[in-house]
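Trainee: Have a look at this prediction, sequence included:
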There are 2 protein chains.
Amino acid sequence: MMRDLSLSKVYALLEPGPVVLLTTARRGRPNVMTLSWHMMVDFEPPLVACVVSSANYSFAALRSTGECVIAIPAVKLAPKVVAAGNCSGSDVDKFAAFGLTPLPAQRVTAPLVAECFANLECKVADTRFVRRYNLFILEVVAAWIDPAQSNPKTIHHHGYGKFVVDGATIKLKSRMR
Amino acid sequence: MMRDLSLSKVYALLEPGPVVLLTTARRGRPNVMTLSWHMMVDFEPPLVACVVSSANYSFAALRSTGECVIAIPAVKLAPKVVAAGNCSGSDVDKFAAFGLTPLPAQRVTAPLVAECFANLECKVADTRFVRRYNLFILEVVAAWIDPAQSNPKTIHHHGYGKFVVDGATIKLKSRMR
């Protein structure tokens, strides 16, 4: 079961740059894509920018519904993350094909991904940069964390299927949030 | 010595979400800040989005000069990266205070950081999102890599001075660039 996460803590999940999954649902049909081009824009309410290419099947769903879920996979899901990135929702029901489990979200129609350790329900907050840059500003409206996955290791894409997995943690005295 | 890097390879440096340093120079005075809120926007020419708070001393320099350098530090620089994030250029000459070495760039007045394994010279390409989101679109116009730092491990910020260091590399068959 997913536990709800304070919106004030969302930034610490995305700021480290993990590869994420982005789900959408259009006309009752859920889809999922792989995404690395995202960043935090504001702490609270959490605003997230992401680039979803207009060549992606998810683009039209994101634009027309104004909703998505950002789901964060740990390293054990890496093969499915790559598989989801290597095909298009126009051809494949990726949830079924890759054994990912859609769960109903609370505030959006796009599904959570049960296997991911964190799920962020998002509403598109600004589309003015879509035409020029395929850049969406999202507001995270609900956040969920799976307490059964403790200390999950995320993956970071270096291009062409090369990923670096989270290694050691270091702690330095900092005033930075 | 820094070796020039093909602009087509820049995305693979930033897409994994490392903590970076951002340098500026205004009226002959160089400054450096710590930044995690950045993402790729396009491959080539490489476009990068970043959020620099208007509360940061670097904001005015970035806006008025339209130039900066994104320098990527390996983990050995973590203490200096945190130190640079914990004070303001309005009070401190951070290059001198933290033993960072500014090097002249080729296309911009902001300096490279000699100790970093990669340096990206950037010009501000779009300021239309600055007023609302403090979001700058940068174009990388020249890129440099230090061949003496092989296989550098970057750091990823999880909030309040907690960083995850790059761990193992995995390779999965992928059609994704």
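Mentor: Arrived safely, thanks for sending.

Trainee: going forward, measure contacts between C-alpha atoms and count neighbours the same way
Mentor: Will do.

Trainee: Give me the residue at the spatial middle of chain A.
Mentor: Centroid check for chain A by Cα atoms, centre = their mean gives A:Ile70 as the closest residue, at 2.4 Å.

Trainee: Enumerate every residue touching it.
Mentor: A:Val20, A:Leu21, A:Leu22, A:Thr23, A:Asn119, A:Leu120, A:Glu121, A:Cys122 (Cα atoms under 8 Å, 6 or more residues apart in numbering or on different chains).

Trainee: Okay, it and chain B: tell me how far apart.
Mentor: Distance, A:Ile70 to chain B, using Cα to the nearest Cα, to the nearest Å: 16 Å.

Trainee: So that residue: helix, strand or coil?
Mentor: strand (DSSP: H, G, I helix; E, B strand; the rest coil).

Trainee: Retrieve the pLDDT associated with it.
Mentor: Predicted confidence (pLDDT) for A:Ile70: 98.

Trainee: How about A:Met2?
Mentor: 89.

Trainee: State the distance from it to B:Pro102.
Mentor: 48 Å (Cα to Cα, to the nearest Å).

Trainee: A:Leu13 too?
Mentor: From A:Leu13 to B:Pro102 the distance is 32 Å (Cα to Cα).

Trainee: what do you get for A:Pro147?
Mentor: 45 Å.

Trainee: and what of A:Leu138?
Mentor: From A:Leu138 to B:Pro102 the distance is 37 Å (Cα to Cα).

Trainee: So for those two, which residue has more residues nearby?
Mentor: A:Leu138 (24 against 18; other Cα atoms under 10 Å in any protein chain shown).

Trainee: What strand or helix carries the more buried one?
Mentor: strand A:135-145 (DSSP states H and E).

Trainee: From the rest of the structure, what touches that strand?
Mentor: A:2-7, A:10, A:45-52, A:106-107, A:117-130, B:41.

Trainee: Check which helices and strands the helix or strand just after that strand is in contact with.
Mentor: Per DSSP H and E, strand A:135-145 leads on to strand A:155-157 as the next helix or strand towards the C-terminus. Where contact means 3 or more Cα pairs under 8 Å, 6 or more residues apart in numbering or on different chains; DSSP states H and E, strand A:155-157 is packed against strand A:162-171.

Trainee: Other residues contacting the strand it packs on?
Mentor: A:75, A:153-158, B:161-172.

Trainee: That strand pairs with which strands?
Mentor: Strand pairing for strand A:162-171, using DSSP bridges, gives strand A:155-157 (antiparallel), strand B:162-171 (antiparallel).

Trainee: From the chain's centroid, how far away is it?
Mentor: Chain-centre distance of strand A:162-171: 19 Å, with Cα atoms, centre = their mean, to the nearest Å.

Trainee: how about the helices in chain A?
Mentor: A:11-14, A:57-65, A:78-85, A:94-98, A:130-133 (DSSP state H).

Trainee: wait, does the third one contact chain B?
Mentor: Looking back up the chat, that one is helix A:78-85. Yes. Using Cα under 8 Å from any Cα of the partner chain, helix A:78-85 reaches chain B at A:Pro79, A:Val82, A:Ala83, A:Gly85.

Trainee: for the fourth one, same thing?
Mentor: No. Applying Cα under 8 Å from any Cα, one finds helix A:94-98 out of contact with chain B, separated by at least 15.0 Å.

Trainee: Show me what the mean pLDDT comes to for that helix.
Mentor: The model assigns helix A:94-98 a mean pLDDT of 95.

Trainee: Same check on the last one?
Mentor: Mean pLDDT, helix A:130-133: 97.

Trainee: hang on, the earlier thing: select, out of the helices of chain A, the one closest to A:Gly28.
Mentor: Proximity to A:Gly28, assessed across these by Cα to Cα, is greatest for helix A:57-65 (10.8 Å).

Trainee: in the closest one, what counts as buried?
Mentor: Neighbour-count burial for helix A:57-65, counted by 16 or more other Cα atoms under 10 Å in any protein chain shown, picks out A:Tyr57, A:Ser58, A:Phe59, A:Ala60, A:Ala61, A:Leu62, A:Arg63, A:Thr65.
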